[in-house]
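Peer 1: What follows is a protein structure lacking sequence information:
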């Protein structure tokens with residue numbers, strides 16, 4: 001955990017800028033800027049939980065620089081919502097901004113930052129249960145060949161087809177962080193054997209065997225299903241490549257809920273074409289959005305969701321509530337949780 005010394009910025013008149021709408025000014029209140037395309041419900045919930053703050057709003061990427069200059073926030077909370085580069089200059093170049101709270105888990109859109117100048121936290125744990133259910137649902141759907149049957153239904157084809165079964169099988173969780181541990185818990189609960197990898201291997205609840213990074217291929221060799229949920233950092237870009245696919249069991253299935261670029265799509269398709277892999281479920285891709293002419297769209301052995309399995313109903317409010325818990329800690333002079341190391345990326 002990291003300790004940030006709370007401080008009060010000079011009081012000023014609320015801005016009239018449409019890019020940074022402010023709640024009613026409170027003398028000596030900490031100024032918090034919420035950056036989201038639907039910020040008003042988040043403002044209302046934040047003020048219910050932490051009423052003694054002044055809240056500014058910004059609902060676009062283009063307006064963020066103006067908003068931060070006008071509102072002069074000490075703290076910013078943001079959730080990515082546009083398919084274009086994040087305006088990092090509106091965060092790291094702002095005098096007085098000490099803490100950036102990211103509502104999601106990934107921070108690769110921020111690039112490098114100086115942890116001595118600004119603290120970055122993420123929403124690790126907010127969507128881990130939803131992602132775990134997505135992984136389990138994908139395991140069942142791929143095993144029972146739902147993508148194939150959906151295609152045949154659309155074509156009005158009634159054709160008998162062998163399907164597999166899940167009981168007694170093994171899942172390998174690549175990355176036993178918040179998400180990975182919830183995947184392991186759910187898979188273990190339905191009778192799947194679980195192995196996994198983590199940067200610092202140690203005994204982990206609901207996991208039969210834990211491997212370090214250098215044991216990835218050994219872990220993959222044991223698995224009928226591979227759930228990829230590792231952060232995207234330099235050491236994990238291209239982690240699931242041709243060698244990784246070759247290490248997997250014949251007939252294994254891949255489920256990727258990490259970040260685009262961790263799995264190499266061309267080598268995934270080669271493994272599917274050869275029959276070595278039986279199927280894949282992709283919630284992430286590189287680039288995003290996936291090009292509409294990419295050949296993976298037409299495959300019957302691949303399920304595609306548009307980076308959406310974590311965006312369950314109410315997740316933004318849940319992320320805001322986690323941020324509010326940290327804001328209370330900041331105001332009380334306590335260490336923050338979910339602090340991100342810019343070198344590790346998580």
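Peer 2: Looks like it came in fine. Just so you know, these numbers come straight off a predicted model, no measurement behind them.

Peer 1: Can you tell me the closest non-neighbouring residue to residue 260?
Peer 2: Distances taken as Cβ to Cβ, 6 or more residues apart in numbering put residue 286 closest to residue 260, at 3.5 Å, once the chain neighbours are dropped. Placement of C-beta: from N, CA and C, glycine included.

Peer 1: Okay, now the unreliable bits of the stretch 201-346 of the chain?
Peer 2: Regions of the stretch 201-346 of the chain meeting the criterion pLDDT under 70 are absent.

Peer 1: Tell me where it has helices.
Peer 2: Listed in chain order, the helices found in the stretch 201-346 of the chain under DSSP state H, counting those that start in this stretch are 216-221, 242-247, 265-273, 315-331.

Peer 1: tell me the most buried of these?
Peer 2: Most buried of those, by mean neighbour count (mean count of other Cβ atoms under 10 Å): helix 315-331, with a mean of 20.

Peer 1: Can you name every helix or strand that that one contacts?
Peer 2: strand 30-35, helix 39-49, strand 75-78, strand 99-102 (3 or more Cβ pairs under 8 Å, 6 or more residues apart in numbering; DSSP states H and E).

Peer 1: now it against helix 39-49, angle please.
Peer 2: Relative orientation of helix 315-331 versus helix 39-49 (axes from the mean of the first three to the mean of the last three Cα atoms, to 10 degrees): 40 degrees.

Peer 1: circling back: please identify which of the helices and strands packed on helix 315-331 is closest to residue 173.
Peer 2: Of all the helices and strands packed on helix 315-331, it is strand 99-102 that lies closest to residue 173, at 23.1 Å by Cβ to Cβ.

Peer 1: in its sheet, what does the closest one sit against?
Peer 2: Strand 99-102 pairs in its sheet with strand 75-78 (parallel), strand 119-121 (parallel), by DSSP bridges.

Peer 1: How far away from the center of its chain is the longest one?
Peer 2: When you say that, I think you mean strand 75-78. 17 Å (Cα atoms, centre = their mean, to the nearest Å).

Peer 1: residues making contact with that strand?
Peer 2: Strand 75-78 has contacts (Cβ atoms under 8 Å, 6 or more residues apart in numbering) with 30-36, 42, 46, 68, 91, 97-103, 320, 323, 327, 330.

Peer 1: Just the buried residues of those residues.
Peer 2: Those of these that meet the buried threshold are 30-36, 42, 46, 68, 91, 97-103, 320, 323, 327, 330, by 16 or more other Cβ atoms under 10 Å.

Peer 1: ranges for the strands of the stretch 151-300 of the chain?
Peer 2: Counting by DSSP state E, counting those that start in this stretch, the segments of the stretch 151-300 of the chain that form strands are 170-174, 193-197, 209-211, 225-228, 252-256, 277-282.

Peer 1: which one of those lies closest to residue 145?
Peer 2: Of all those, it is strand 277-282 that lies closest to residue 145, at 8.1 Å by Cβ to Cβ.

Peer 1: In the closest one, which residues are buried?
Peer 2: 277, 278, 279, 280, 281, 282.

Peer 1: Could you measure from the closest residue in space to residue 192 that isn't next to it in sequence over to residue 136?
Peer 2: Leaving aside its sequence neighbours, residue 192 sits nearest to residue 171 (Cβ to Cβ, 6+ apart; 5.1 Å). To residue 136, residue 171 is 9 Å away according to Cβ to Cβ, to the nearest Å.
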